[in-house]
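Participant: pasted the sequence and its predicted model underneath.
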Amino acid sequence: MNDNTELLVIGGGASGLAAAAAASEAGVSTMLVEANAFTGGNGVFPRGMFAVDSVLQRRQLIFADPDRIFSECMAYSHWKINGRIVRRLIDRTGDTIQWLMDMGVPFNRVVHHMPNQSPEVFHVALGDHVSETTGRQVTRALEQRCREHGVKILTRTRGRKLLKDENGAVTGAVCTDAEGRELTIHARQVIIGTGGFAGNKELIHEFLPEIDRKHLTATAGMLHQGDGIQMARAAGADVEGHFTMEIAAPSIHGFGGLKILMGKAWNVWVNRQGRRFADESIVYNFPQSAHACLEQPGSELWVLFDKRIMERTLADGMDIIEYIHIPEGAEEKLPDTIEEAIQAGVMRRADSVEALEQWIGCGSGNLRREIEEYNTCCLQGRDKIFAKDRRYLMPLTEPPFYAIRAGVDLLNTHGGIRVDEEFRALDPSGNVLPGLRVAGVDFGGADADIYNVNLSGHGFSFAVNSGRIAGEHAARELRGSRG
């Protein structure tokens, strides 16, 4: 079975939908194939979107200077990332917010993602229900724009192999449908955006050998297999050397309401030996806290607090980010959730620290001595080990005491094929591989080592913007080749 189109987009997540929307707006005949039964991919999960110099920021008198943000982004990565790509993406973000608003996405607030974050860059579309995520609204609008401009969308259709002509240019792809039937799609340009490789243990081992997949005790999102990266590499594209795993901790699945209790800086974190290992205020920087947790024996951690800390947490209520991320109604259901978690063995309530120590299994006296030392630091107003801000120092002295066994949550991978600032795939010699572009988390050069949460929501933003830019440039090439 064969088909033909000017542009073939492989992957119907945020980047693929943005690419198809942008190209079809320019009058390019476009097909999009998506392996799942529906479009959106991991793009439906984000709660907000990074942007600089947007109309919303200007309305809120938030002055987000692109030069400053670019410089800070490059410094964060120690210049291991591609400055031209990052600059192109950052500069486009504000305009893309307007592009999406014109499609009907109801962006209405720019909020902090971390305490005292400046400038605020996290754009959210808060609807009537928390479950109606910003990502879901964006991907739905992009799909609608694609359909309005005649994009042919094939779901349950998975890209398998790129086609190349005698000159080495990519000219389409071989795909399979849900029944395994083969479909060959001939195209003059191909854009790949298949959502990373979080579900592929072999690629994780190859690209992120320092990460032991078994220690990622909780998972979120769709665990894609790295189809796009593997197809592009097989076609001769080069792999950029830096990869980032977007991970978060402390996290727990099945008892989402417990995140209300775990996400505060006045808690105490201990490892399986009953010892603190970090300044717990890094909880507000989720990738950094995840890496700190992964460094512990077995990557295990327990979140500790007492009655007074719990009362403080509940009295303060949820901040805007907790409201966006924590399941709707979780606060009202929290007493029941706590009892369910205790019955399930993932949480313990006790009248003494020694009882928690026994539950954790960290050795007689270890946890008691650690808590005594921590309490002394609290009373003295100085964390002499990890320099935790004194505003977060609250001793654990008032029973009952609580411990939650938490894990590290895998959200997505970032990094892959080497591209230029037009998102054209490059070969190992740095030459353009004709006919192929790569967008979303399948391209490399925008993140290195640890996900940069200072650019809050940039994973989603860079996916949409890279797809949009790739679609626009593919359209320009195709229009030019028409003569």
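Facilitator: On my side now, so go ahead.

Participant: so what's the residue count around the nearest residue to Phe460 once chain neighbours are set aside?
Facilitator: Nearest residue to Phe460 in three dimensions, chain neighbours excluded: Pro46, at 3.9 Å (C-beta to C-beta, 6 or more residues apart in numbering). (C-beta placed from N, C-alpha, C; glycine too.) Using other C-beta atoms under 10 Å, Pro46 has 25 other residues around it.

Participant: with Asn2 instead?
Facilitator: 9.

Participant: how close does the closest residue to it other than its chain neighbours sit to Met114?
Facilitator: Of all residues beyond its chain neighbours, the one nearest Asn2 is Thr184 (4.9 Å), with distances taken as C-beta to C-beta, 6+ apart. Going from Thr184 to Met114 by C-beta to C-beta, to the nearest Å gives 48 Å.

Participant: who's more crowded, those two?
Facilitator: Met114 (17 against 14).

Participant: before we move on, back to that, wait, what's in contact with the residue nearest to Asn2?
Facilitator: Taking C-beta atoms under 8 Å, 6 or more residues apart in numbering, we find Thr184 in contact with 1-3, 163, 172-175.

Participant: partner strands of whatever helix or strand it lives in, with direction?
Facilitator: Secondary structure from DSSP states H and E places Thr184 in strand 182-192. Neighbouring strands of strand 182-192 in its sheet, by DSSP bridges, are strand 2-10 (parallel), strand 170-177 (antiparallel), strand 432-438 (parallel).

Participant: winner for burial among the ones you listed?
Facilitator: strand 432-438 (a mean of 25; mean count of other C-beta atoms under 10 Å).

Participant: partners of the residue nearest to Asn2 in the sheet?
Facilitator: Where Thr184 sits in a bridge, its partners, by DSSP bridges, are Asn2, Val174.

Participant: hmm, back to that, farthest-apart pair in the contacts of Thr184, please.
Facilitator: Met1 and Leu163 (14.3 Å; C-beta to C-beta).

Participant: now do the lengthiest helix in the chain: which elements does it pack against?
Facilitator: Longest helix in the chain, counting residues (DSSP state H): helix 458-482. Applying 3 or more C-beta pairs under 8 Å, 6 or more residues apart in numbering; DSSP states H and E, one finds that helix 458-482 makes contact with strand 2-10, helix 14-25, strand 49-50, helix 83-102, helix 134-148, strand 182-192, strand 432-438.

Participant: quick one: which of these is nearest Gly236?
Facilitator: Proximity to Gly236, assessed across the helices and strands packed on helix 458-482 by C-beta to C-beta, is greatest for strand 432-438 (5.8 Å).

Participant: just the mean pLDDT for the closest one, thanks.
Facilitator: Regarding strand 432-438, the rounded mean pLDDT is 98.

Participant: could you number the chain from 48 rather than 1 from now on?
Facilitator: Yep, numbering from 48; the last one is strand 479-485 now.

Participant: how far off centre is the following helix or strand past that strand?
Facilitator: Counting by DSSP H and E, the next helix or strand C-terminal to strand 479-485 is strand 490-491. Here strand 490-491 is found 15 Å from its chain centre; the criterion is C-alpha atoms, centre = their mean, to the nearest Å.

Participant: neighbouring contacts of strand 490-491?
Facilitator: Looking at what lies outside strand 490-491 - C-beta under 8 Å, 6+ apart - the contacts are 132, 286-290, 462-466, 470, 513.

Participant: partners of that strand, with directions?
Facilitator: For strand 490-491, pairing defined by DSSP bridges yields strand 464-465 (parallel).

Participant: ok, back up a step: could you export the helices and strands packed on helix 505-529 as CSV, including distance to Gln343?
Facilitator: What follows is the helices and strands packed on helix 505-529, written out as CSV (distance: least, C-beta to C-beta, whole Å):
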stretch, distance to Gln343
strand 49-57, 39
helix 61-72, 33
strand 96-97, 30
helix 130-149, 32
helix 181-195, 31
strand 229-239, 37
strand 479-485, 35
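
Participant: ok, the residue lying closest to Glu342 once chain neighbours are set aside to Arg416 distance?
Facilitator: Sequence neighbours aside, Phe324 is the residue nearest to Glu342 in space, at 7.4 Å (criterion: C-beta to C-beta, 6+ apart). Applying C-beta to C-beta, the value for Phe324 to Arg416 is 15 Å.

Participant: could you check which of these two has the larger neighbour count?
Facilitator: Phe324 (17 against 13).

Participant: specify the local secondary structure of the more buried one.
Facilitator: On the three-state scheme (DSSP: H, G, I helix; E, B strand; the rest coil), Phe324 is labelled coil.

Participant: which pLDDT value belongs to Leu209?
Facilitator: 98.

Participant: any stretches of this structure with poor pLDDT?
Facilitator: Residues of the chain that meet the criterion pLDDT under 70 lie in 174-178, 264-267, 528-530.

Participant: for the strand ranked longest in it, name the packing helices and strands.
Facilitator: What stands out as the longest strand in the chain, according to DSSP state E, is strand 448-461. Helices and strands touching strand 448-461, by 3+ C-beta pairs under 8 Å, 6+ apart, are strand 265-266, strand 291-298, helix 306-309, helix 333-341, strand 348-353, strand 394-397, helix 400-407.

Participant: residues touching the last one, excluding its own?
Facilitator: Here helix 400-407 makes contact (C-beta under 8 Å, 6+ apart) with 317, 319, 321, 349, 351, 395, 397, 410-415, 418, 443, 448, 450.

Participant: which parts of stretch 465-474 are buried?
Facilitator: 465-473 (16 or more other C-beta atoms under 10 Å).

Participant: just name the closest of those residues to Arg106, please.
Facilitator: Closest approach between those and Arg106, by C-beta to C-beta: Glu468, at 29.8 Å.

Participant: how much space between that closest one and Arg135?
Facilitator: Taking C-beta to C-beta, one finds Glu468 at 5 Å from Arg135.

Participant: and Val317, by the same measure?
Facilitator: To Arg135, Val317 is 44 Å away according to C-beta to C-beta.

Participant: give me the more crowded residue out of these two.
Facilitator: The neighbour comparison of Val317 against Arg135 (other C-beta under 10 Å) goes to Val317, with 25 against 18.

Participant: list the contacts of the nearest residue to that one once chain neighbours are set aside.
Facilitator: When the adjacent residues along the chain are set aside, Val317 lies closest to Trp349, with 5.3 Å between them (C-beta to C-beta, 6+ apart). Counting by C-beta under 8 Å, 6+ apart, Trp349 makes contact with 316-318, 403, 407, 450-453.

Participant: can we see that at 6 Å?
Facilitator: 317, 407, 450, 452 (C-beta atoms under 6 Å, 6 or more residues apart in numbering).

Participant: relative to Val511, how far out is it?
Facilitator: As for Trp349, its distance to Val511 is 38 Å (criterion: C-beta to C-beta).

Participant: and for Glu469?
Facilitator: 16 Å.

Participant: give me the number of residues near Lys208?
Facilitator: Count around Lys208 with other C-beta under 10 Å applied: 16.

Participant: nearest residue to it other than its sequence neighbours?
Facilitator: Here the residue nearest Lys208, using C-beta to C-beta, 6+ apart, is Val221, at 4.5 Å.
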